[in-house]
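generate a structure from the sequence data that follows.
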Amino acid sequence: MTTGTTASLELVLEAPPPVRQPAIVLHGVQDRIIDKRVAEDLAGALPRAELIVMRGVGHAPQLEAPRHTARIVERFARRLDGGSDSQ
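Down below sits the predicted model:
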């Protein structure tokens with residue numbers, strides 16, 4: 001059975017949007033909604049994407065581990081800005 005979320009992701013993977021900007025795809029190891037393969041496929045479909053797999057969280061890392069997620073996003077933004085990603 002295909003869920004609405006899975007069907008939507010399948011459409012994106014069949015014809016990825018013309019996203020050329022750097023992107024991060026976050027996936028929680030304990031996510032029971034989106035399979036890791038889908039996250040890998042999405043990251044692979046975006047030419048400048050980086051997949052980050054987060055331990056200890058499920059489908060909503062921004063809610064389950066907000067500080068850790070914020071650090072990941074901050075490091076990503078610093079790299080885009082040409083800054084160092086070390087603290």
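
bridging across strands, which residues link to Met54?
Going by DSSP bridges, Met54 is paired in beta bridges with Gly28.

give the contact list for it.
26-29, 61, 65, 68-69, 72 (C-beta atoms under 8 Å, 6 or more residues apart in numbering). Using the backbone N, CA and C atoms, a C-beta is placed for each residue, glycine as well.

buried residues in the lengthiest helix in the chain, which are they?
Longest helix of the chain, by residue count under DSSP state H: helix 66-80. By neighbour count with 16 or more other C-beta atoms under 10 Å, helix 66-80 contains the buried residues 69, 72, 75-76.

turn those into TSV, columns for pLDDT and distance to Pro47.
Listed next are the buried residues of helix 66-80 as TSV, based on pLDDT from 0 to 100; distance: C-beta to C-beta, whole Å:
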residue	pLDDT	distance to Pro47
Thr69	97	23
Ile72	97	20
Arg75	96	20
Phe76	95	16
